[in-house]
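Undergrad: task: produce atomic coordinates for the following.
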Amino acid sequence: MIYSLLNTINRIKPFSTADAHCDIPCKIYDPQIAQIAALSVIRFIDLIQELEQKEQLTLADHATLSRLVREKEIHAAKVKEEVRTIWGDYFKQPQFEQFPDTHELVHQIMLTASACKQGIGRESGEKLLTLVNEFAASFWQTKGVDTYTADCPYPPQMQTVYPKLG
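TA: Alright, predicted model coming up:
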């Protein structure tokens, strides 16, 4: 009965929709999704630039370009979403004391991800990955987990920060 009443009210005057990681808190946070999204942004930029080398684009090339641009923008937004969730839900006063520049770092990630959405310069993608790697390293350090840096095993084969586990 309550559901029906609320559903009727919502149809007349829709409620604001809330979205969250989980807000339980579940304590399951990992910057790896943001890192993979940043690597994907670079890869999509590379593929777009490969198309640019063609003298003339076919209809299929135009369709591919459209998909690549869309995915690049989706993945740049994913970086922002994942970093914002960890920054907003995981980082608290002890972590901010340990890494007092976190707010500025997150702000730079947001600006750089937006730049990646706006353009196709590889430098922006590389900068985004560098910033997200810095965020990942500080995240893992707040958890007392050592990290190492290695080339990711897939294109664009860029340096990525990984936690030393086990």
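Undergrad: in three-state terms, label residue 141 for me.
TA: With DSSP: H, G, I helix; E, B strand; the rest coil as the basis, residue 141 sits in helix.
Undergrad: neighbours of it, how many?
TA: Residue 141 has 15 neighbours, counted by other CB atoms under 10 Å. For glycine as for every other residue, the C-beta is placed from the backbone atoms N, C-alpha and C.
Undergrad: per-residue pLDDT, it?
TA: Looking at residue 141, its pLDDT is 98.
Undergrad: kindly report the same for the one 10 residues further on.
TA: We note a pLDDT of 98 for residue 151 in this prediction.
Undergrad: ok, it to residue 68 distance?
TA: Computed as CB to CB, to the nearest Å, the residue 151 to residue 68 distance reads 23 Å.
Undergrad: who's more crowded, those two?
TA: Remark: of residue 151 and residue 68, residue 68 carries more neighbours, 20 against 10, as counted by other CB under 10 Å.
Undergrad: list the contacts for the more buried one?
TA: 44, 47-48, 51 (CB atoms under 8 Å, 6 or more residues apart in numbering).
Undergrad: and the furthest pair within these?
TA: Farthest pair in those (CB to CB) is 44 and 51. Separation: 10.8 Å.
Undergrad: okay, those two: which has more neighbours?
TA: Neighbours were counted for residue 44 and for residue 51 using other CB under 10 Å; residue 44 has more, 24 against 13.
Undergrad: helices along this structure, start to end?
TA: With DSSP state H as the criterion, the chain has helices at 2-12, 32-52, 59-85, 93-98, 102-118, 122-142.
Undergrad: out of those helices, which comes closest to residue 26?
TA: helix 59-85 (11.2 Å).
Undergrad: helix or strand with the lowest mean pLDDT in the chain?
TA: When each helix and strand of the chain is scored by mean pLDDT, DSSP states H and E, helix 2-12 comes last, with a mean of 71.
Undergrad: on that earlier part again, of the contacts of residue 68, just say which sits nearest to residue 140.
TA: residue 44 (26.5 Å).
Undergrad: and the closest residue to the closest one other than its chain neighbours, what is it in contact with?
TA: Excluding the flanking residues, the one nearest residue 44 by CB to CB, 6 or more residues apart in numbering is residue 72, at 3.9 Å. Contacts for residue 72 (CB under 8 Å, 6+ apart) come out as 40-41, 44-45, 48, 116-117, 120.
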